[in-house]
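In: pasting the sequence and the predicted model now:
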Amino acid sequence: MTSKKIIERLQQQDWYVECKTEHELALVLNSCLDSGLHWISGDKASFIPELMLNEIPVFIARDTICDKQGICWDNSECFQTDSSDCENITDWFFEELRK
């Protein structure tokens, strides 16, 4: 079960998490599902596009480009550029899950 602290952070805008394995991806998507977030396509966060599994590592993000309750993904480092307004919460997210 996802902690309230993680849910509250995921419900905010402008963050991304880098998923280096399928297991990490599943952890992030389960937390998004618990947070009431869905893909920008409208699909539940539990849905993993097959293409995504071929592109690991992937970045899961919620930014101003995504709709109000949506998350998106990318396989590039576009979220790690200086021009990105998204905060990298990867380390924080996985550390919180360990608590």
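Out: Thanks, I have the structure now. Numbering: from 1, shown residues only.

In: number of residues surrounding Leu29?
Out: Residue crowding around Leu29 was assessed by other Cβ atoms under 10 Å; the count is 23. Every residue, glycine included, has its C-beta placed from N, CA and C.

In: kindly report the same for Glu87.
Out: Neighbourhood size, Glu87 [other Cβ under 10 Å]: 15.

In: need phi/psi at it.
Out: phi -90, psi 130 (degrees, to the nearest 10).

In: that one contacts Asp14, doesn't it?
Out: Yes: using Cβ atoms under 8 Å, Glu87 is in contact with Asp14, at 6.1 Å.

In: which stretches of this structure have low pLDDT?
Out: For the chain, the stretches with pLDDT under 70 are 65-69, 77-84.

In: recalculate using a threshold of 90.
Out: 1, 13-14, 40-43, 45-57, 63-70, 73-86, 99 (pLDDT under 90).

In: which SS state does the most centrally placed residue in it fall under?
Out: The residue lying closest to the centre of the chain (Cα atoms, centre = their mean) is Ile60, at 3.3 Å. Secondary structure, DSSP: H, G, I helix; E, B strand; the rest coil: Ile60 is strand.
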